[in-house]
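Asks: Here is the input, now give the coordinates:
(2 chains, ligands or ions: 1)
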Amino acid sequence: MSKYTLEFEESLREIEEKIETVKSTGIKTGVDVTSTVQQLERKLEDKRKSIYKNLSRWDRVQLARHPRRPHSLDYIEMMCDEWMELHGDRYFGDDKAIVSGLAVIAGKSIMIIGQQKGRGTKDNMLRNFGMPRPEGYRKALRLMKLAEKFNIPIVTLIDTPGAYPGLGAEERGQAEAIAKNLKEMAIIGVPIINIVIGEGASGGALGIGVGDRLLCMENTWYSVISPEGCASILFRDATRAKDAADAMKVTSIDLLEMGIADRIIPEPEGSAHMHPKKASEMLKDVILEELAQLVTLNTDDLIENRISKFEKMGKWEEI
Amino acid sequence: MAEWFRRSADKIKTLDKRDTAEGLWIKCPRCAQVVYKRELEKNYHVCISCSHHFRINSSAYLKLLIDNDEYHGIAENVRSVDPLSFKGEKKYSDQLKAAQTKTGLNEAVRVVVGKINGQDTVVAIMDFSYIGGSMGSVVGEKISRAIDHARKRKLPLIIITSSGGARMQEGAYSLMQMAKTSAKLAQYSKDNGLYITILTDPTTGGTSASFAMLGDIILAEPNALIGFAGARVIKQTIGEDLPEGFQRAEFLVEKGFVDNIVHRRDLKRTITQIFNFFGIEKFQNSKVTEIE
Ligand SMILES: [Zn+2]
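Replies: The predicted structure follows:
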């Protein structure tokens, strides 16, 4: 199977297939094809560079959702010296769309909370496609409070198509669970770094997304609703998701320009799914760098800065 | 009274079109009873025969709650811009203008300070008729200033919600208003402020998942639709019909997320009862309200 599955990668797939054809012709006929292959490989690289230099918003939305893109547990496994997952909200159950636990990165204790998508049908069912239920948000808060108690910094990894819109989720107070996290996270007395590693849809993402720094990996999106949801409501046409992505300005780069994201974490060429290990190293370096700054603040300043960061968010005029 | 009404209601059913066109009579969407409009107003816009609570605007709530309808506005000059130059089927800038013309309001929330049975109170009221009561930057900012004002002056805070959620036309800016208002409430709560929310029909999406659900006491109007996800989306996701009364105020009381359902007639009295119980007057100087 080709490495390339997205529409904008079509031309890459074509060149790659051509390389394969030339190679097998070479083997069959005994003709030396080395220079042709080299030429094509150079062409492939150039093409990749030009594609990734000009990604549209919709391209990035697709990369953020790429089935081979690293998810929370992939990054955790690659970044951590130690990891112990902790389960359950102590009220109802354990939500597998959110993973959380004790991580040691470069010798430092960090509480990591991440939204977890699955890979493949069975795993996706288990992870509920990364859509948390109230108990996921409550588990997250429980462990954030625990981290606060022992002065351990918190890192949250955002990657969700939204909070789960289900019967039970509503019955058990999806709105209350998210609201409470927003309120409590604002005043937790340890550094909190929020990182969008894939998709950040709506309140479901924000439910673990309040902190001192919002970092976005390069090929991610984060907004008030998915492009598809916005398209079906404001464009009255669900197929216009591409236009909705542009209209809402949903990418990491947009969020930086809007003053909502603090920093973009670059990804290796061809996106994180092409070079997961390298992507995780870049992520790890940034986490350690940001935490090193945040731990120097005293608790009162930390909380005051955090609240004033959110206070400034939004655009309005005063007449 | 009920007897009299029923008789006149029978007559109403033979009304000619002109009378309804003039808006003298309103048909109750719940029990289909046709009601004389002035009678409905006298009854707090609640259907006399079935108690259906008609949606009312911020002015009507102010009249209902604030002594002598006398209050000071807060953050009245904060206005929406179109930060993303958003254009869907319609341009956002046009939608804003149309909403202003239609409602005579400048945004989907009003914030005032006024007395409720003598108690100075900060009251924020959302208007569903203004772009579905959606929360954009201005709603977030005005709610935040309401909370700040209550915190600074040690006043109780009441927010009456009616909102379809966050305002998509402002993208991530509107999403962040959930965090902004919740952070402000965390500060207010830490300082022992008393916060009551009154959830009216409808309170959903980003509004429910932020300040609406953060009241120390959460009241709701009868049968108000309250929830996070929209019923249509849930139905699509689970592929079955939703149970009777799902996401209604009574359902939320049953599930433990709303303290009480209050008939609009009893709203002011209920608020005062809560104020009295907690002894608000001890906290603050109940002199004439100053504008911030
Ligand atoms: Zn009725």
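Asks: Give the other helices and strands that the helix or strand encompassing residue A:113 contacts.
Replies: In this assignment (DSSP states H and E), residue A:113 forms part of strand A:108-115. Applying 3 or more Cβ pairs under 8 Å, 6 or more residues apart in numbering or on different chains; DSSP states H and E, one finds that strand A:108-115 makes contact with helix A:72-79, strand A:98-105, helix A:134-149, strand A:154-160, helix A:276-294. (Each C-beta comes from the backbone N, C-alpha and C, glycine too.)
Asks: Residue of chain A closest to the ion, please.
Replies: residue A:170 (26.6 Å; Cβ to the ion).
Asks: so that residue, which of the three states?
Replies: helix (DSSP: H, G, I helix; E, B strand; the rest coil).
Asks: How about the contacts made by it?
Replies: Contacts here follow Cβ atoms under 8 Å, 6 or more residues apart in numbering or on different chains; on that basis residue A:170 touches B:227, B:228, B:229, B:234, B:246, B:247.
Asks: Now the two most distant members of those.
Replies: By the measure Cβ to Cβ, the contacts of residue A:170 have their two most distant members at B:228 and B:246, which lie 12.4 Å apart.
Asks: These two: which is more packed in?
Replies: A count of neighbours by other Cβ atoms under 10 Å in any protein chain shown puts residue B:228 above the other of residue B:228 and residue B:246, at 32 against 16.
Asks: so where's the longest strand in the chain?
Replies: Defaulting to chain A. strand A:192-201 (DSSP state E).
Asks: um, chain B though
Replies: strand B:195-204.
Asks: now residue 272, nearest residue through space, not along the chain?
Replies: With no chain named, the answer covers chain A. Leaving aside its sequence neighbours, residue A:272 sits nearest to residue A:279 (Cβ to Cβ, 6 or more residues apart in numbering or on different chains; 3.8 Å).
Asks: Oops, wrong one, chain B.
Replies: Excluding its sequence neighbours, the residue lying closest to residue B:272 (Cβ to Cβ, 6+ apart) is residue B:117, at 4.4 Å.
Asks: What about the one you found, how many residues nearby?
Replies: 15.
Asks: Which strand or helix spans residue A:16?
Replies: Using DSSP H and E, residue A:16 sits within helix A:10-29.
Asks: For chain B, give me the ranges with low pLDDT.
Replies: B:1-22, B:281-292 (pLDDT under 70).
Asks: Show me where it has its helices.
Replies: B:2-12, B:17-21, B:37-42, B:58-65, B:92-103, B:137-152, B:171-190, B:205-208, B:231-238, B:249-255, B:267-278 (DSSP state H).
Asks: Just say which of those is most tucked in.
Replies: Compared across these, helix B:205-208 shows the largest average neighbour count, a mean of 31 (mean count of other Cβ atoms under 10 Å in any protein chain shown).
Asks: And the contacts of that helix?
Replies: Against helix B:205-208 from outside (Cβ under 8 Å, 6+ apart): A:175, A:179, A:202-203, A:224, B:126, B:133, B:135, B:161, B:163-166, B:174-175, B:177-178, B:199, B:226-230.
Asks: please redo it, this time with the cut-off set to 6 Å
Replies: In this structure, residues lying in contact with helix B:205-208 by Cβ atoms under 6 Å, 6 or more residues apart in numbering or on different chains are A:175, A:203, B:135, B:161, B:163, B:165, B:166, B:178, B:228.
Asks: same thing with stretch B:47-57?
Replies: B:5, B:28, B:30, B:31, B:33, B:45, B:46, B:127, B:128, B:221, B:222, B:264.
Asks: same deal with stretch B:71-79?
Replies: Stretch B:71-79 is contacted by residues A:316-319, B:111-114, B:138, B:141-142, B:145, B:149, B:289, B:291 when judged by Cβ under 6 Å, 6+ apart.
Asks: Sort out which one of those residues lies nearest residue B:157 for me.
Replies: The nearest one, if we look at the contacts of stretch B:71-79 relative to residue B:157 and count by Cβ to Cβ, is residue B:149, at 8.5 Å.
Asks: now, which of the contacts of stretch B:71-79 lie close to the ion?
Replies: Among these, no residue sits close to the ion (Cβ under 5 Å from the ion).
Asks: quick one: which of those residues is nearest residue A:193?
Replies: Using Cβ to Cβ, these come closest to residue A:193 at residue B:141, 25.9 Å.
Asks: which residues touch that closest one?
Replies: Neighbouring residues of residue B:141 by Cβ under 6 Å, 6+ apart: A:314, A:316, B:78.
Asks: want to try a markdown table for those, with neighbour count as columns?
Replies: Shown next, in a markdown table, are the contacts of residue B:141 (neighbours: other Cβ atoms under 10 Å in any protein chain shown):
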| residue | neighbour count |
| --- | --- |
| A:314 | 27 |
| A:316 | 21 |
| B:78 | 21 |
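Asks: Name the nearest of those relative to residue B:103.
Replies: Of the contacts of residue B:141, the one sitting nearest to residue B:103 (Cβ to Cβ) turns out to be residue B:78, at 16.4 Å.
Asks: Check the gap between that closest one and residue B:25 for me.
Replies: According to Cβ to Cβ, to the nearest Å, residue B:78 stands 38 Å off from residue B:25.
Asks: got it, and residue B:266?
Replies: The value you get for residue B:266 to residue B:25, if Cβ to Cβ is used, is 27 Å.
Asks: neighbour count winner among these two?
Replies: Just comparing residue B:266 and residue B:25: by other Cβ under 10 Å the higher neighbour count belongs to residue B:25, 19 against 13.
Asks: ok, now how distant is residue B:47 from the ion?
Replies: As for residue B:47, its distance to the ion is 3 Å (criterion: Cβ to the ion, to the nearest Å).
Asks: so where's the stretch 201-319 of chain A shaky on pLDDT?
Replies: Applying pLDDT under 70 to the stretch 201-319 of chain A flags no residue at all.
Asks: near chain B, which residues of it?
Replies: By the rule Cβ under 6 Å from any Cβ of the partner chain, the part of the stretch 201-319 of chain A lying against chain B is A:203, A:206, A:210, A:223-225, A:230, A:234-236, A:247-249, A:255, A:260, A:307, A:310, A:313-319.
Asks: Select only the buried ones of those residues in ChimeraX?
Replies: Remark: buried members of these, expressed as a ChimeraX selection using 16 or more other Cβ atoms under 10 Å in any protein chain shown:
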select /A:203,206,210,223,224,225,230,234,235,247,248,249,255,260,307,310,313,314,315,316
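Asks: hang on, the earlier thing: just checking: what are the partner strands of the longest strand of chain B?
Replies: In the sheet, strand B:195-204 lines up against strand B:157-163 (parallel), strand B:217-220 (parallel), strand B:226-227 (parallel) (DSSP bridges).
Asks: In CSV, list the ones you listed along with distance to residue A:42.
Replies: CSV is the format used below for the strands paired with strand B:195-204 (distance: least, Cβ to Cβ, whole Å):
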stretch, distance to residue A:42
strand B:157-163, 56
strand B:217-220, 65
strand B:226-227, 56
